[in-house]
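Enquirer: One predicted model, sequence on top.
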Amino acid sequence: MGKMVSVINTVDTSHEDMIHDAQMDYYGTRLATCSSDRSVKIFDVRNGGQILIADLRGHEGPVWQVAWAHPMYGNILASCSYDRKVIIWREENGTWEKSHEHAGHDSSVNSVCWAPHDYGLILACGSSDGAISLLTYTGEGQWEVKKINNAHTIGCNAVSWAPAVVPGSLIDQPSGQKPNYIKRFASGGCDNLIKLWKEEEDGQWKEEQKLEAHSDWVRDVAWAPSIGLPTSTIASCSQDGRVFIWTCDDASSNTWSPKLLHKFNDVVWHVSWSITANILAVSGGDNKVTLWKESVDGQWVCISDVNKGQGSVSASVTEGQQNEQ
Amino acid sequence: GKELDGEPTVTVRAVNSRKNQMCFDWGPGRLLVSNEPPSNKKEMCSCPFIYIIRKDVDRIDERLTGKIQKSQLVRVSKNYRSVIRACMEECTSVFAAKDPANGRQFSSQVSILSAMELIWNLCEILFIEVAPAGPLLLHLLDWVRLHVCEVDSLSADVLGSENPSKHDSFWNLVTILVLQGRLDEARQMLSKEADASPASAGICRIMGDLMRTMPILSPGNTQTLTELELKWQHWHEECERYLQDSTFATSPHLESLLKIMLGDEAALLEQKELLSNWYHFLVTRLLYSNPTVKPIDLHYYAQSSLDLFLGGESSPEPLDNILLAAFEFDIHQVIKECSIALSNWWFVAHLTDLLDHCKLLQSHNLYFGSNMREFLLLEYASGLFAHPSLWQLGVDYFDYCPELGRVSLELHIERIPLNTEQKALKVLRVCEQRQMTEQVRSICKILAMKAVRNNRLGSALSWSIRAKDAAFATLVSDRFLRDYCERGCFSDLDLIDNLGPAMMLSDRLTFLGKYREFHRMYGEKRFADAASLLLSLMTSRIAPRSFWMTLLTDALPLLEQKQVIFSAEQTYELMRCLEDLTSRRPVHGESDTEQLQDDDIETTKVEMLRLSLARNLARAIIREGSLEGS
């Protein structure tokens, strides 16, 4: 529906090397960035400003991704790196510190993603060693680890959780008892596949589906937030330059159909959904961030073109962007 | 909101149609407008009038249930327009005070608002008012007069001068008055010319008569269109005769006016500068060549007017395309073009909503019908959530989106930063009013956790009660109890004392409440009640085993009182509890497997208790025995 997007802020992060990820927190008031310079930085970006809150050192290699946990658990940020480690940082009394380090992978950890807050504090990590590990916070500074070995041959590049969906009514749950969530997440790997994983009743994770459409490494997967419709949607992007939108009509038996959003001329690195899942942000090697929207007749249309700068991070345009007075 | 029954009186500047794109963005608390697409610098002006728009929305929906009258819809439409105009006025006055260097930028913002009002006004005439042939032209004339308003300043200039008819712009003024169909005023001007130069008085009078006698449909006129057409035809022929007779040959100005009044295209095009835009040209053309034009024929005239006016020198601007689409009665196209040209959602969302209420979208057989309205409203409302206080408006808009409004609201409302308690309460109220229990739970939990981290246990407790979160209430209650053990006193007594039925939320919370009650009773010296309560806390298993030692220790002062408080039966119970605790046998049904520390202090305590209990038992038996006996 035309050009209706514009850059409203540019944050100069002073990272000394390439920036691999930038994530706004839940409220859009803070921005976390990570870079090949091994640091993770947190900025206060309210009112169009940029105040450096923290410069977190702890990784020994390029940091690939950062992820904010749900605010009910406090101010928690996870980061993963080429150094095979996942670090969980926490803000206590106004200062950011390393809270936990997970070193259970044999290779670069490429992606981290927090599960829906309803499940508790759970972090999924995908690594170049092909494994996916799931860290669950059990209290008192303790984290329990579950590992899915050989999730993807050669390596796993991306993990993304499905939104929490509960069978039956939440309102009638007896007090103190957790509803029976069916936990699911998607992963993308160097085997060109997207895999959907489901937690079984015994707590083990099982591969539920394989989604095949890409002809090269899958670089990112993003499970869209739920807007109450009976369909589930996943976006995936790949080294092959393609972005697919996968949809599944939950009423039927789990068949996922891909729709090609666009074929780009270069690798596509990231895909990311807006809060109400009506805009998809796509960024790729052509140095551009494009925003895509499904119009009312079901076609995906590009609604903007924002050029990425050199050495600076463009604040992602999401509906959750907040500017405080 | 402002009621508007008559015509708006605010003059509006002409739209600068030389821009290529109109951009329009909402920012925090203010209107952001930019001339070019993606630019980093934006100027701001304050725009408080959005709250008036809100009231319009309310008003529309009051009538959703009943049949909506056209006049009501027209009124609503006028309200919207008055809002836009008020906004323009506000901008103008604010910027007048500011740095003149920025004047150009600010005036372009006013132009954009003016364009919005121009479009809206036309849509109102064509789609909402649905003016038929006859009145249609009158509405269009008003429309043009409102939006091409150099006339007034020109008029002031000329009339204010010593010799108006000798003023440089005199004939321009007269011409433009004619172009706008303001023939009475034009006549008055001519009479000044007649006074000033008697030589031309004669032809001025003739021209004046022509102007006076031009048949035009006036509101409330009872003649039929056919009658009007006939009269107009005669008048037109009369004008034609004067042209043939070269009556006005001595005055090129008057002759030119005559040609204009004959609807001569070339003569009209000579006045391009005065007309300033093609739609003015269109309306003038219609006035003097086809005043009873039918709505369905408009588009033909519109397209040709645009082509003739631009004359192949320039291409149509976005605004032109929008207006053309309106003249073609292609509502879908209007909305589409507006969405592209105006990057702000306010305009399309509200216009579409209004048109939807006119039942126009459906009748145009759009594939998505009324979904388009919701589509646009959702976009607009989402945008409002980016604002620290306008989010509340966004809530209202979501409420009026029957399909996806609720879930969109659920997703957005959790993302509002809750920096103050007041804001948090506002947000929670919104959720509670709509039975969004999940969101209430989530938000309360966030606030409860924050409170716990800041050691504000009372606050944490009230949030978890509000969230009806039993698990969290238990957690906070435990903290309270732990604090009590460490410090020997309770914090937030008020809260705990007044829990009321909320106490039932979790066992631990109930225990906390009851335990505090025990302390109160003791303080009020209601020893017997306190004693019973204390015992029941253990026997009913409400008290966690980890706390039993504390409870038994609390029993000590009661055991050591002069009078016997615990009965023999109760004392036996207490002893049983103590033995349960010390024997390290897990009590049947208890999941709590906390063991006593093998500690000197603990051992001493236990010994003291045993002694106390034994002594009390003895005294109790004696007392009960003697009571029975007497």
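Expert: Good, I have the coordinates.
Enquirer: C-alpha from now on. contacts and neighbour counts both.
Expert: Noted.
Enquirer: pLDDT below threshold where in the stretch 101-250 of chain A?
Expert: The stretch 101-250 of chain A contains residues with pLDDT under 70 at A:166-179, A:250.
Enquirer: any chance you could map the strands in it?
Expert: A:109-114, A:122-127, A:132-139, A:142-148, A:156-161, A:184-189, A:193-199, A:205-212, A:218-223, A:231-238, A:242-249 (DSSP state E, counting those that start in this stretch).
Enquirer: again, but for chain B
Expert: Along chain B, counting by DSSP state E, strands occupy B:23-27, B:30-34, B:43-46.
Enquirer: returning to that earlier point: dump the strands of the stretch 101-250 of chain A into CSV; add mean neighbour count and distance to chain B as well.
Expert: Compiled in CSV, these are given as follows (neighbours: other C-alpha atoms under 10 Å in any protein chain shown; distance: least, C-alpha to the nearest C-alpha, whole Å):
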stretch, mean neighbour count, distance to chain B
strand A:109-114, 27, 16
strand A:122-127, 27, 17
strand A:132-139, 18, 12
strand A:142-148, 15, 17
strand A:156-161, 28, 16
strand A:184-189, 26, 20
strand A:193-199, 21, 23
strand A:205-212, 15, 27
strand A:218-223, 28, 15
strand A:231-238, 24, 14
strand A:242-249, 20, 18
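Enquirer: Could you dump those into a markdown table with distance to B:Cys489 added?
Expert: Converted to a markdown table, these look like this (distance: least, C-alpha to C-alpha, whole Å):
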| stretch | distance to B:Cys489 |
| --- | --- |
| strand A:109-114 | 40 |
| strand A:122-127 | 37 |
| strand A:132-139 | 27 |
| strand A:142-148 | 31 |
| strand A:156-161 | 45 |
| strand A:184-189 | 46 |
| strand A:193-199 | 46 |
| strand A:205-212 | 48 |
| strand A:218-223 | 50 |
| strand A:231-238 | 53 |
| strand A:242-249 | 57 |
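Enquirer: Poorly predicted segments of the stretch 251-400 of chain B, please.
Expert: Ranges of the stretch 251-400 of chain B meeting pLDDT under 70: B:343-344, B:361-370.
Enquirer: can you rerun that using 50?
Expert: Judged against pLDDT under 50, the low-scoring parts of the stretch 251-400 of chain B cover residues B:363-369.
Enquirer: Quick check, the residue in chain B closest to chain A?
Expert: For chain B, the residue closest to chain A is B:Ile446, as judged by C-alpha to the nearest C-alpha, at 3.9 Å.
Enquirer: Give the full set of residues in contact with the closest residue to that residue other than its chain neighbours.
Expert: Leaving out its chain neighbours, the residue that sits closest to B:Ile446 by C-alpha to C-alpha, 6 or more residues apart in numbering or on different chains is A:Met72, at 3.9 Å. Residues near A:Met72 by C-alpha atoms under 8 Å, 6 or more residues apart in numbering or on different chains: A:117, B:442-443, B:445-447, B:449-450.
Enquirer: nearest to B:Pro402, of the strands of the stretch 101-250 of chain A?
Expert: strand A:231-238 (18.5 Å; C-alpha to C-alpha).
Enquirer: The closest one - which strands sit beside it in the sheet, and in what orientation?
Expert: In the sheet containing strand A:231-238, its partner strands are strand A:218-223 (antiparallel), strand A:242-249 (antiparallel), by DSSP bridges.
Enquirer: so which of those strands gets nearest B:Asp478?
Expert: That would be strand A:218-223 among these, by C-alpha to C-alpha, at 38.0 Å.
Enquirer: could you dump the closest one to CSV, C-alpha only?
Expert: The C-alpha coordinates for strand A:218-223 follow below in CSV (Å, rounded to 0.1, in the frame of the first residue of the first chain):
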residue,chain,number,x,y,z
VAL,A,218,18.5,-21.6,6.0
ARG,A,219,19.7,-18.5,7.7
ASP,A,220,16.8,-17.5,9.8
VAL,A,221,13.3,-18.7,10.8
ALA,A,222,10.6,-16.6,12.5
TRP,A,223,7.4,-18.0,13.9
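Enquirer: So which residues make contact with that strand?
Expert: Strand A:218-223 has contacts (C-alpha under 8 Å, 6+ apart) with A:157-163, A:185-194, A:233-239, A:268-273.
Enquirer: so A:Gly241 makes contact with A:Leu261?
Expert: No: in this structure A:Gly241 lies outside contact range of A:Leu261 using C-alpha atoms under 8 Å: 10.6 Å.
Enquirer: what about the nearest residue in space to B:Leu390 that is not next to it in sequence, how many neighbours?
Expert: Leaving aside its chain neighbours, B:Leu390 sits nearest to B:Leu384 (5.6 Å; criterion: C-alpha to C-alpha, 6+ apart). Look at B:Leu384: counted by other C-alpha atoms under 10 Å in any protein chain shown, it has 25 neighbours.
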